[in-house]
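>>> Sequence plus predicted model, see below.
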Amino acid sequence: MLLRVILCSAVFLLPFFVVDSLAKVVSCEGFVKTKIPGIDLSKVQAKLFTNHGNLKYETECNAQNGHFLIPIYNKGHYVIKVSGPTGWIFSEPNSRAVEIADDGTGCSNDIIVELVGFEIVGEVLNEGGVKLSLGLYTTEKNGGVLVAKTETDGRGHYKFNAKPGVYVISTMTDAGQCVARGTVSVEVTNGPVKVQPDITLAGHNVRVVVVDEWGNKMTGEEGKAAVVDTLVELHSDSQIDFQHLPVNVPRPQTKNTGDDGWTYTVETRTGTALFACLPSARYTFSAAALLRRKDGTQRIGVKFERKTIQLGANAVELTLSVATFRLFGTVLDPLGRPLVGDGVSILLDGVSRPAKGTTASNVGTFELDGVSGGKHRISAAKEHYEIGQAVVDVSTKLDGLIELRTERIAFCGTVSPMASADVSIEVAQLMNNDGGQMGTNAPAITIKPERNGRFCRMLAPGKYTARVISPTAYTPKQQLVNLTEKPLVGVQFTQFLGKIAGWIDCIGTCDGISVELSSHGGGHSSAIIANIKPNESDGTFQFAEISPSIYKVRVVSSENVWWDSTEQTVHLVEKDLDGVHFVQKGFKMDIQSTHPTKMEYAPIVQQKKPSTGDVQQLKTVHLVSGLNTLFFPMPSSPTESSSAKGKRQQHRTPPQPFKFALSSCHDFGISIVADGDRKAAENASNNSGKFTVPGTKRVELVAKATRLPIRIELDGDSTGQGELDMVDINLTCDGCSTGETKLSPISDSINGTVRTFVFRFDQQKVGTQFVATAHSAHHLFIPGTIAIKFNGDCQEEPIVFRAHLGKFIEGHVRPAISEVSVTAKRRKTTGDGKGTDLRTQTDVDGKFRIGPVWDEQDFELLLEKDGFEFKPYTQSPTDTADGPSHRQLRSPFVFSATKLSKLIVRFVDSDLKTPLSDVLVSVSGSSSDFRSNTVTDSTGTLNIVGLAPGTYFIRPILKEYKFTANSFSAQIAEGQTEEMVLEAKRYAYSIYGKVSTISSKMLPSPIYVEALSEQCENHLEDDVVDSSTNEFRVRGLKPSCRYKVFLKAESGEQIKAFPPLFNVQTGNEDRRDVHFVVFPNELPAATVVGELELPANATIGGGVSSSTFRVLLKDSATGKIIQEQNVPGTVFFFTLPAYKKHYAIEIGRSEAKKLKIEPISEEFFADSLFTFVRLIPRPQQRSVDVEVHKANYLGLALILLITLAFLNQTKTKILVEFLMERARKFIRPKNNRQSVQQQIGLSAELERRRKAKKQ
């Protein structure tokens, strides 16, 4: 037994709860802003609510700037809301939800709420108990815009929210009555408004609704994109005064119809027309509508029935139904285009309508008026056209125009002469569109001419071929009949075949040349009829047996031959055609160039001996990008003359070599193509080469690089070349590789006041962005930088930087202070980069120089150095004009330096005189924009360095403390240190504690701790448990009050914990060590929870409360250990293996540095799912000296016992078992079991009282 006691005493206990809650305060601040003048913002309050709606804190805003500051001490979810006097309207939202996290974040941005307006309230006197719709509008001068709308409450009261301004109140368009005189004026200035005098009503409204055949309002059809324009007319025998209408109610158009009275018209697209404020009388209403698409296309017109009413004392809604329709349509030609021209008549159900009811235009459209609803047959008629008909179901659902399409058109002509009565015309339809072969399945149509040879036949639109069937031949043998667009009238078939002849005049032989005859396609592709070669001896050609028609004759040769014309159009009518003549003028050569360039070329003359008569003919041509053609005429000779038919002269010209040179900003790669071979030019690097005519087919020019010059020009104030030596250009490439980022000029030249840099751009860089920047220590440039996007072309306009000698901003600081940061800010920035700030520092003499700049007055200077304030220097009376620095003092860039001051504020407890930490201090300046929010540390001291002289306001906030005043002021002098001591008296206290769990799972989050005092008027305070430390602090508890402290979840339900609640009596100090243990949501089948209750004097440092206990669960009958735990605290729990059984809880012997606890045991009977056991040990104080002395003896005794036990193991075992059994029978403490159900009932009663407090 002694061995067991000694071994158990070697286990030291660790603390279970360590509470070190650091008080933190988070400041949430903001502004209530307004554009309304003359507002006292101190009437506005900012309030802090929990997410359960409990008010935590409230404060008023600053009267001048609307600033407010709210301290938050606990993490969690809150709502900050701004409110003002009755009738004040704030911008939405006027509240903000904030979440304060464990690290204190969550309220970093200012909360901005704007006071935007006030309420307008009033009363309608003769409303009659019916709710009336009212609108608040801007004045007619401001457009009459609807600002707000409302309804009276049935007792005549109404309310609007509005910004300051002048408004009018009027009835809405859906109201049945009007405000007397139309509107009531009201003006909102700097407060709520009561409208006086009260509103009275006069006049009644008539609402006219136009409906279709099915009773639906005529507002257009869904999905049809329809627009309905309706004109509703009111007919009255007497004139009506519409001068005082409600706002935004359209005034009807008035027309005096003489003896018939007056007509008033309202246009609408909603199917509803409002005639407002009508006096009692007899009225007649009619309407007409036009339905059209969004694109303006007319669909159908509608006329509605006429109705007459007698308007009495009530508003009326009148419905007008459809009476007749107006139809719109178009007549289309075979291609679907409008059939224009006169001679088209429209028929309705086979009957031509009279002019009054039918309108047909020369643009292919028509209108039919007065058509009844239902199905109708509509058709059209025109000479040489056969037009189809349309069956239309006339109703308001009719979508689109009525289309009448041409179904057949006429083919008419004559056969001359009529050889016999057996002559006929066979017409066959073509199966393709180019006049090709006829399809074998297309049936032929036979037309029999009359005796005079005339014929006419209606055919379906398309293309046909027509030929005369007769023993005698007719021309044309076959006629193309094109009926795709319009009728073909006047076709003639005759008995004539002719020929087309001519000759060709070419240089040398005419080998490879042919002549081609093709039909004239009239702009379309033409068919080739024949292709022949000219006679080799005289160049003549002839096409025989050609039918009368229009033809094209074209000469076909190689692409390098130059003709006077390659194609001629001829018309063969009644006789043969001769004299078609083609003449070769010379040769041509193509030049393909990627870029425009200037080219000079000349023939190469090989002279056997010098001759003054042979002069090279130099020619210049400007090549464009793409294909260029050069023409070389045949050299003239005295023996040559124009050749007549059959006497062609052959001109033989040997190949002529040419040399050429290119003048361009480009460097070209040159290729010469001759007879299908391509070779590079010999002098391609010099942009020159050679070609031969005839021989060279094509010259290809491909640009490899481009040269771009960039110039710097000096202005008139510059001195010349000396200044040009100080300027330079830096050209960089955006997006190039590292080695190609900067480009160097290939040449640099100076001419007068201009310096030119030439850069070479590789064509592979097309599309790349380059930036050119001019540099100089003394000049400014316009522009400062130039962005060049290289497109591969020459620069049409020169790239020029204009250099101007700059000015410098020179100034100094009095007294002289070195290393002052000087920033020159432009007074007005632009989009060309001129907004860049310039910076420098003062030297040891306090002087500075910034530049070059255009004008010193374009800048304002900002001087900065810690601990100093700088202002423009003001000359004092002691600065005389003859002083050495008088001219410098008059400079606008001289600044005076002021050493800034320091403010020290100490916050102390008025009773204990100890420093106050966690004080939230707001400091603001009266004449500056200075503002600071600071939380004091453990020293309770606030230090602010660098304050400008002036008055500062200090507002300290610390929960549980009250300062002698809400705010304090301090007068700060230049360079002085102002110290203040502010005292606060404590009026409330806190509860500190911690929450732990016996489960292996983490605690739920968030957990709320609430403290409720029924004794002190149900005073309630709460806090959120810190999720990182599981600690809490409930602040603001009143002294001498008894509080019930318990845990709650975010949903408001109480959390199962041990103990369920604490009863805390507050005094004049904080209460600590209020600890909760949270149970798992689902406990095991049988559980025992125990607590080791230590006396208050056992919590000293190093005592038992900082140890770990060894807890044993045993079978009470056998003494067998079932479970064992080393518990780091005072709470433990075990899962029991079975019900209805006796168990024992045993605490082993524990010793700390100054205390020791003897072993203690408690028995209990497990007869429920949950059992609680409390053990109360008696710790004893230990003396350090005695402990050391006894330990020596105890060690010696331990060695002797171990030796004896080893030598007599059998006896030792019997002895130990005997002693344990005697001890178990001798020590039988009473069971101290407690039911948790009583505690849960008490918690429910606390929850009921807390809810009663909220209500």
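It's in.
>>> from here on, contacts and neighbour counts on C-alpha atoms
Noted.
>>> okay but residue 110 is in contact with residue 28, surely?
Yes: assessed by C-alpha atoms under 8 Å, residue 110 is found in contact with residue 28 at 7.4 Å.
>>> out of those two, which sits in the more crowded spot?
Using other C-alpha atoms under 10 Å as the criterion, residue 110 and residue 28 rank with residue 28 on top: 20 against 13.
>>> how much space is there between the more buried one and residue 920?
11 Å (C-alpha to C-alpha, to the nearest Å).
>>> and if you look at residue 164?
Residue 164 is 37 Å from residue 920, by C-alpha to C-alpha.
>>> Of the two, which one has the most company?
With neighbours defined as other C-alpha under 10 Å, residue 164 and residue 920 compare such that residue 920 has more, 22 against 18.
>>> show me what contacts that one?
Contacts here follow C-alpha atoms under 8 Å, 6 or more residues apart in numbering; on that basis residue 920 touches 25, 27, 71, 933-936, 956-958.
>>> Could you report the neighbour count for the residue lying closest to it once chain neighbours are set aside?
Leaving out its chain neighbours, the residue that sits closest to residue 920 by C-alpha to C-alpha, 6 or more residues apart in numbering is residue 935, at 4.5 Å. Residue 935: 21 surrounding residues under other C-alpha under 10 Å.
>>> Can you pull the poorly scored residue ranges out of the stretch 51-200 of the chain?
126-129, 174, 176, 181-182 (pLDDT under 70).
>>> ok, 90 please
51-77, 91-95, 99-110, 123-135, 137-147, 149-157, 168-185, 195-200 (pLDDT under 90).
>>> then whichever strand or helix holds residue 99 to PDB, C-alphas only?
Assigned by DSSP states H and E, residue 99 belongs to strand 95-100. Output of strand 95-100 as PDB, limited to C-alpha atoms (Å, rounded to 0.1, in the frame of the first residue of the first chain):
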ATOM      1  CA  SER A  95     -27.900  50.500 -41.000                       C
ATOM      2  CA  ARG A  96     -24.900  48.200 -41.400                       C
ATOM      3  CA  ALA A  97     -24.300  44.700 -40.100                       C
ATOM      4  CA  VAL A  98     -20.800  44.200 -38.800                       C
ATOM      5  CA  GLU A  99     -19.000  41.000 -37.600                       C
ATOM      6  CA  ILE A 100     -16.200  41.500 -35.200                       C
END
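>>> Give me the sheet partners of it and which way each runs.
Partners of strand 95-100 in the sheet, by DSSP bridges, are strand 76-83 (antiparallel).
>>> Contacts for the strand it pairs with next, please.
Applying C-alpha under 8 Å, 6+ apart, the contact partners of strand 76-83 are 44-51, 90, 94-101, 113, 1006, 1023-1024.
>>> Any quick PyMOL command for the buried ones out of these?
Paste this into PyMOL to select the buried members of the contacts of strand 76-83, with burial taken from 16 or more other C-alpha atoms under 10 Å:
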select buried, resi 44+45+46+47+48+49+50+90+94+95+96+98+99+100+113+1006+1023+1024
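>>> isn't the residue nearest to residue 920 right next to residue 919, touching?
Yes: Residue 935 lies in contact with residue 919 (C-alpha under 8 Å); the separation is 5.3 Å.
>>> tell me, what's touching those two both at once?
Shared contacts of residue 935 and residue 919, counting by C-alpha under 8 Å, 6+ apart, come down to residue 25.
>>> can you count the residues close to residue 1030?
Counted with other C-alpha under 10 Å, the neighbours of residue 1030 add up to 18.
>>> quick one: contacts for it?
If you count contacts by C-alpha under 8 Å, 6+ apart, residue 1030 has them with 994-996.
>>> How about residue 949?
Residue 949 is in contact with 900-901, 971-974, counting by C-alpha under 8 Å, 6+ apart.
>>> swap the cut-off to 10 Å and go again
869, 898-902, 925, 927-928, 971-976 (C-alpha atoms under 10 Å, 6 or more residues apart in numbering).
>>> For ChimeraX, write a command that selects the buried ones of those.
Of the contacts of residue 949, the buried ones can be selected in ChimeraX as follows, counting by 16+ other C-alpha under 10 Å:
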select :869,898,899,900,901,902,925,972,973,975
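>>> now, among the contacts of residue 949, which is nearest to residue 325?
For the contacts of residue 949, the minimum distance to residue 325 (C-alpha to C-alpha) is 77.5 Å, reached by residue 928.
>>> and the residue nearest to residue 1163 when sequence neighbours are not counted, what are its bridge partners?
Excluding the flanking residues, the one nearest residue 1163 by C-alpha to C-alpha, 6+ apart is residue 1144, at 4.1 Å. With DSSP bridges as the criterion, residue 1144 is bridged to residue 1114, residue 1163.
>>> Was I right to think residue 1069 contacts residue 990?
Yes: the pair residue 1069 and residue 990 qualifies as a contact (C-alpha atoms under 10 Å) at a distance of 8.0 Å.
>>> Which one's more surrounded, the two?
The neighbour count for residue 1069 versus residue 990, taken as other C-alpha under 10 Å, is higher for residue 990 (20 against 12).
>>> And the more buried one, how close does it get to residue 54?
19 Å.
>>> can you check residue 1215 too?
In this view, residue 1215 and residue 54 are 68 Å apart by C-alpha to C-alpha.
>>> Could you check which of the two has the larger neighbour count?
Taking other C-alpha under 10 Å, residue 1215 and residue 54 do not tie; residue 54 has more neighbours (15 against 12).
>>> Next, give phi and psi for that one.
Backbone torsions for residue 54, taken as degrees, to the nearest 10, come to phi -80, psi 130.
>>> Pull the contacting residues for it.
48, 78-79, 1020-1022, 1254.
>>> now do residue 996
Per C-alpha under 10 Å, 6+ apart, neighbours of residue 996: 16-17, 1002-1003, 1029-1031, 1057-1058, 1075-1079, 1131.
>>> so it bridges to which residues?
With DSSP bridges as the rule, residue 996 is bridged to residue 1077.
>>> Might one say that residue 664 is in contact with residue 598?
Yes: counting by C-alpha under 10 Å, residue 598 is a contact partner of residue 664 at 6.3 Å.
>>> Now the common contact residues for residue 1069 and residue 990.
The contact lists of residue 1069 and residue 990 share residue 1039, where a contact means C-alpha under 10 Å, 6+ apart.
>>> Lowest mean pLDDT among the helices and strands of this protein, which one is it?
strand 14-15 (a mean of 28; mean pLDDT, DSSP states H and E).
>>> What strands line up against the helix or strand following that strand, and which way round?
Next helix or strand after strand 14-15 toward the C-terminus (DSSP H and E): strand 26-34. Neighbouring strands of strand 26-34 in its sheet, by DSSP bridges, are strand 67-72 (antiparallel), strand 111-123 (parallel).
>>> what helices or strands is the helix or strand just after strand 26-34 leaning on?
Scanning forward in sequence from strand 26-34 by DSSP H and E, the next helix or strand is strand 45-50. Strand 45-50 sits against strand 26-34, strand 55-60, strand 67-72, strand 76-83, strand 95-100, with contacts defined as 3 or more C-alpha pairs under 10 Å, 6 or more residues apart in numbering; DSSP states H and E.
>>> would you turn those into JSON lines with distance to residue 632?
Output for the helices and strands packed on strand 45-50, formatted as JSON lines (distance: least, C-alpha to C-alpha, whole Å):
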{"stretch": "strand 26-34", "distance to residue 632": "86"}
{"stretch": "strand 55-60", "distance to residue 632": "99"}
{"stretch": "strand 67-72", "distance to residue 632": "91"}
{"stretch": "strand 76-83", "distance to residue 632": "93"}
{"stretch": "strand 95-100", "distance to residue 632": "88"}
